[in-house]
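Asker: Following is a predicted model, sequence given first.
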Amino acid sequence: MIVVGLAGCPGGNGGLGEACHGNDDCAGGLQCFGSQCALRCQRAPDCGDGYSCDEDGLCKLATGQRGDVCSSEVDCAPSLACRIDGAAIDPATQHLQATCLEQAPMRLTGDTCTQDCDCRNWTCALGRCVDLCGQPRDCAVGQTCVEIPRIDANGALFAGCLPAKGSLSWSIPVTTPAAEVLLPVPAGASSVELVMTVDDPTQKVGAQSVLSPIGATIFTQPCSPLLATSDEPCADVDAEDQYFGNFDPTNPGTGNKVRHLAAFGQSVLLMPSALTTPLATGDYVVKVSSFRGDGSGGSAIPRVTAVIQLSSGATLDLHFFFLDLTDHPCLDPGAVLNAGSATAGAFQSEYLQTLRAVFTGPGVTIGDVTYEDITDRADLDGLDIANAGALLSLGKYATGVNVFFVRSLSPLGIQAYGPNPGPAGLAGTPQSGIAIGLDTLCYRRWPAVARLTAYEIARYMGLYHNVELDTAKHPTWRDPLSDSDDTNSNLLYFSAAGGTDLSAGQAALLLRSAVLR
């Protein structure tokens, strides 16, 4: 009987899936979990609900019962969730206090939500259900533990699990033509934007003002010359000075810290606009408004979407769309340009290769490249930029940049068109892409078209002209991110005669865009 009993014990050599009574019964690299030898954990979710994963990779059953104080989901026993109590702060962690309570049969962490009651653990933040955490291994693989401001607690912080890479987007409800919205920015966010849209194309939409998490005014909409009075004068130059004010190298503490203008139909507020004003963790207060053409208050109700880039990226996907370019007079005789032909020939060896070279400098790699034809929109083949929204709305890819090739752009002289900045991370909006006119090939070759494309992509991603036409008269009208104020070797030179270089500062800001992955 003794011999038989000993033969039934693994004795420290138990293999994966074999029965065990303790960790010592299992071979190295395994643990005894659920009476079977199992792989050691890397993250708490590897163990299941109600367990933590310790430094040795062992699953530990949580002891927190209903009503017990917790700081992480792994503190609470199975079937319980670590739920924020209200606005009270835990003096030990300086985070919001939380308690172990019954979880709801609702959505899991990472699922989309609009309110707390959508989520199993009653915590909805940044449009996602979020588990509370104390360290990265409390979160699933691909997630990390970061501080997140809670809107319902006046921006007080809690530590929650968010994706370690990529971007998040969610809608912010607005019910009046002018309204204050709260924009929560978690720790470590690379960039944040608000995409504001109105259905009335005769009205503008944008941010009227922005307050930082500490209540400092970092942006106000530039004045309107059309509304100027003797008591409140505003010439065109005053409006321009206010737009460029945050970039005055002689007086960096004054003026707007963000570049933004209201625009007809749709506009984007992107932060940061400069490395001198980094993002702060907490709730930004943004007054969103519609405007009439003269700058007075509008009547249209804005739709608002927030996009947060959680980490810097390095890969740029490009999605090429070809309108009907049959018998285009600027192509070489007999040449055809469409989704099929673009995968070979000069489009690859001259155009795409030039694009790769331009973006290699700032550390961006061209990633996935797709090619599609648009054959049923003859009205957009030759594009008037007043109708650009109809074309760019066909941009169906949220990651990367949608690039549309059209026969020509009008008014005459426009070679390329795109928003500055664009709605990075969102597809299907009236600004989801850039347009390139192929009549440029009548007097230039593919490398020049590639430079124009790179210029529009960089502006879409949030870069600005390194120098403006009137800088000699107005020295603040420039972007100090560029190394050289007056050189045309920079990609963001205001003229089509510009170069392909980007400064270190421009590159650093470029890498924050939600366009990248």
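Answerer: Right, received. Where do you want to start?
Asker: what stretches of the chain score poorly on pLDDT?
Answerer: 1-11, 246-254, 483-486 (pLDDT under 70).
Asker: domains in it, as residue ranges please.
Answerer: 1-40, 69-164, 171-309, 315-510 (automatic domain parsing).
Asker: Output those domains in TSV, with distance to residue 60 and mean neighbour count appended to each entry.
Answerer: Every C-beta, even on glycine, is put in place using the N, C-alpha and C of the backbone. Converted to TSV, the domains of the chain look like this (distance: least, Cβ to Cβ, whole Å; neighbours: other Cβ atoms under 10 Å):
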stretch	distance to residue 60	mean neighbour count
domain 1-40	10	14
domain 69-164	8	19
domain 171-309	27	18
domain 315-510	38	18
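Asker: which SSE is the closest residue to residue 339 other than its chain neighbours in?
Answerer: Nearest-residue entry for residue 339: residue 371, 3.9 Å, with adjacent residues in sequence omitted and distances by Cβ to Cβ, 6 or more residues apart in numbering. In this assignment (DSSP states H and E), residue 371 forms part of strand 365-373.
Asker: Figure out how far that strand is from the centre of its chain.
Answerer: On the basis of Cα atoms, centre = their mean, to the nearest Å, strand 365-373 sits 20 Å off its chain's mean C-alpha point.
Asker: now the helices for the stretch 301-450 of the chain?
Answerer: With DSSP state H, counting those that start in this stretch, the ranges of helices along the stretch 301-450 of the chain come out as 346, 353-360, 388-392, 446-460.
Asker: Please name whichever of those helices is nearest to residue 162.
Answerer: Closest of these to residue 162 is helix 446-460, at 25.3 Å (criterion: Cβ to Cβ).
Asker: just to revisit the earlier point, redo the domains of the chain as JSON lines? Include distance to residue 57.
Answerer: Formatted as JSON lines, the domains of the chain follow (distance: least, Cβ to Cβ, whole Å):
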{"stretch": "domain 1-40", "distance to residue 57": "3"}
{"stretch": "domain 69-164", "distance to residue 57": "9"}
{"stretch": "domain 171-309", "distance to residue 57": "26"}
{"stretch": "domain 315-510", "distance to residue 57": "32"}
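Asker: The strand holding residue 371 packs against which elements?
Answerer: Secondary-structure packing of strand 365-373 (3 or more Cβ pairs under 8 Å, 6 or more residues apart in numbering; DSSP states H and E): strand 315-322, helix 353-360.
Asker: Among the helices of the stretch 301-450 of the chain, which comes closest to residue 308?
Answerer: Comparing these by Cβ to Cβ, helix 446-460 comes nearest, at 17.7 Å.
Asker: so what does the closest one touch, helix or strand wise?
Answerer: Here helix 446-460 touches helix 353-360, strand 401-406, strand 416-417, strand 434-437, going by 3+ Cβ pairs under 8 Å, 6+ apart.
Asker: Check which strands are paired with the last one and give the direction for each one.
Answerer: Meaning strand 434-437. strand 401-406 (parallel), strand 416-417 (antiparallel) (DSSP bridges).
Asker: Including distance to residue 379, could those strands go into CSV?
Answerer: As requested, the strands paired with strand 434-437 are arranged in CSV below (distance: least, Cβ to Cβ, whole Å):
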stretch, distance to residue 379
strand 401-406, 11
strand 416-417, 16
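Asker: Output the helices and strands packed on helix 446-460 in a markdown table, with distance to residue 266 appended to each entry.
Answerer: Shown next, in a markdown table, are these (distance: least, Cβ to Cβ, whole Å):
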| stretch | distance to residue 266 |
| --- | --- |
| helix 353-360 | 26 |
| strand 401-406 | 15 |
| strand 416-417 | 14 |
| strand 434-437 | 14 |
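Asker: hmm, back to that, surely the residue nearest to residue 339 and residue 322 touch.
Answerer: Yes - under the criterion of Cβ atoms under 8 Å, residue 371 makes contact with residue 322 at 7.4 Å.
Asker: Now the common contact residues for those two.
Answerer: Counting by Cβ atoms under 8 Å, 6 or more residues apart in numbering, the shared contacts of residue 371 and residue 322 are 339, 342.
Asker: Return the alpha-carbon coordinates of stretch 70-78 using CSV.
Answerer: Written as CSV, here are the backbone C-alpha positions of stretch 70-78 (Å, rounded to 0.1, in the frame of the first residue of the first chain):
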residue,chain,number,x,y,z
CYS,A,70,-9.3,47.8,-2.3
SER,A,71,-6.9,49.6,-4.7
SER,A,72,-6.9,47.0,-7.5
GLU,A,73,-9.2,44.5,-9.1
VAL,A,74,-6.8,41.8,-7.8
ASP,A,75,-7.6,42.7,-4.2
CYS,A,76,-11.1,41.4,-4.4
ALA,A,77,-12.3,37.8,-4.1
PRO,A,78,-14.0,36.0,-7.1
